[in-house]
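Enquirer: Pasting the sequence and the predicted model now:
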Amino acid sequence: MKPIVVRFKAREHQCEIGVGAGLAQNLGHHIRRLLPSAQRIAIISNDTVFGLFGENLADSLRKSRFTVREWLMREGERHKNLRTLEQVLLFLSAFELTRTDAVLSLGGGVVGDLAGLAAALHLRGVALLHVPTTLLAQIDASIGGKTAVNTGAGKNLIGAFHQPAAVWIDPLTLKTLPPRELTSGWCEAVKQGAAGNSQLFRDTYGFLRSRSHSTGRAIPSILLLMSHCKFKAGIVSRDEREETSRSDHKSRRILNFGHTTAHALETATGYRRFRHGEAVGHGMVVAGEISARLGLLQRSELELLRDAVDLCGPLPRADNLDAAAIIEVIARDKKRASGEMKWVLLERLGRARIVDGKEISASLLRASLKAGLGRTG
Ligand code: NAD
Ligand code: GLY
């Protein structure tokens, strides 16, 4: 299948995105074509994912005359930190990875964010290749060059923009993904359509409906995966660094639809109750409620959004959380943003409107949280 090419004109950089069943087992010749003078490839992964796909991938690279070594991080978001980053960087130095070689991430967004930052820092930047194996990473995290680790002060606070040279997406890798991870990815898929492209929303919604007998277990078609990748690529190629001055409906910021409440839900529950996409699922409905109450979004569109979120799979309960605690986190985030926090709301499904936090009264926020979080799995 023809790859999608993302061009970043200002820097003459381009990123190739390939989508295909079985691609992950056959990457050697693609990488040889892309990086003719590379000798070494450092695979960054974790035990679970490397155990599933790592050996086949490494064999394919060796057949294309690369020297391959893997470094496996400990499982989980809490290891996406500075200590692990240092360990990866020391590994890259010990492996003597040069400026013409490459770092390849094999895994979900956690592995991808960590490997991406290591690639940005090693020798001030080496080529980065992503082989994302979660739905969330395939349609979102692997595209656009955001890399990060967490610190005690918060999530993703240390990072860099470092665009991958290529992203290879194999939907067959999703067959082993736990249902909650699929649900989390589907919520991000609904987000992309709802915030930025009505056709993409309709296609995602239609696909989920057609698979409603397997709610929470549906694997996307190649066509739908490609539509999502094209959408994300289109947004990031025009607003690579999420410019703070931009608040139009095509800015990268719209991808934060659902994220204000999601972040508050994750923080208020110590990152233990929700997968990120699940929190975004709840957050989108809250943002939809606010939009409807402000008269921006029709109620019928809000119901469609709710339905789409339901089709993603069951979400952990959010109706038994202390609303005051959630509002407190939102207020704290607002303070951090110097009182200029923006909400991504909807004018309709497929078109976002960025609204200043000042326009949302405390009572409207409280009522929207109550109505939006009153959904369970
Ligand atoms: P994840 O990376 O934690 O992966 C989820 C779980 O699935 C892990 O336990 C992993 O080992 C397992 N797994 C991965 N692929 C598998 C497979 N094919 N089969 C079986 N198990 C598999 O979670 P995620 O949702 O992919 O990523 C979340 C991270 O992504 C967060 O750290 C978030 O900050 C980041 N993120 C980054 C961006 C970005 O633009 N860079 C965007 C969104 C999210
Ligand atoms: N996941 C949001 C972004 O890449 O900007």
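Expert: Right, received. Where do you want to start? Ligands and ions are numbered 1, 2, ... in the order given.

Enquirer: Show me which residues of the helix or strand containing Leu61 are buried.
Expert: Using DSSP states H and E, Leu61 maps to helix 55-63. Neighbour-count burial for helix 55-63, counted by 16 or more other C-beta atoms under 10 Å, picks out 57-58, 60-61. Glycine gets a C-beta too; all of them are placed from N, C-alpha and C.

Enquirer: For that helix, name the packing helices and strands.
Expert: Judged by 3 or more C-beta pairs under 8 Å, 6 or more residues apart in numbering; DSSP states H and E, helix 55-63 is in contact with helix 28-34, strand 40-46, strand 67-73.

Enquirer: which residues sit against that helix?
Expert: Outside helix 55-63, the residues that touch it by C-beta atoms under 8 Å, 6 or more residues apart in numbering are 24-28, 31, 41, 43, 68, 70, 106, 131.

Enquirer: For ChimeraX, write the select line for the buried members of these.
Expert: To isolate the buried ones among the contacts of helix 55-63 in ChimeraX, judged by 16+ other C-beta under 10 Å, type:
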select :24,26,27,28,31,41,43,68,70,106,131
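
Enquirer: pLDDT for the contacts of helix 55-63 - can I get that in a markdown table?
Expert: Output for the contacts of helix 55-63, formatted as a markdown table (pLDDT from 0 to 100):
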| residue | pLDDT |
| --- | --- |
| Ala24 | 79 |
| Gln25 | 80 |
| Asn26 | 84 |
| Leu27 | 95 |
| Gly28 | 96 |
| Ile31 | 95 |
| Ile41 | 98 |
| Ile43 | 98 |
| Val68 | 98 |
| Glu70 | 98 |
| Leu106 | 98 |
| Val131 | 98 |
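
Enquirer: ok, which pair from the contacts of helix 55-63 is furthest apart?
Expert: Taking C-beta to C-beta, the two most distant members of the contacts of helix 55-63 are Asn26 and Glu70; they sit 18.1 Å apart.

Enquirer: Find me whatever residue is spatially closest to the residue located most distally from the centre of the chain, sequence neighbours aside.
Expert: The centre of the chain is farthest from one residue, Arg65, which by C-alpha atoms, centre = their mean lies 32.1 Å away. Of all residues not flanking Arg65 in the chain, Arg32 sits nearest, at 7.3 Å (C-beta to C-beta, 6 or more residues apart in numbering).

Enquirer: Show the contacting residues for that neighbour.
Expert: By C-beta under 8 Å, 6+ apart, the neighbours of Arg32 are 64-66.
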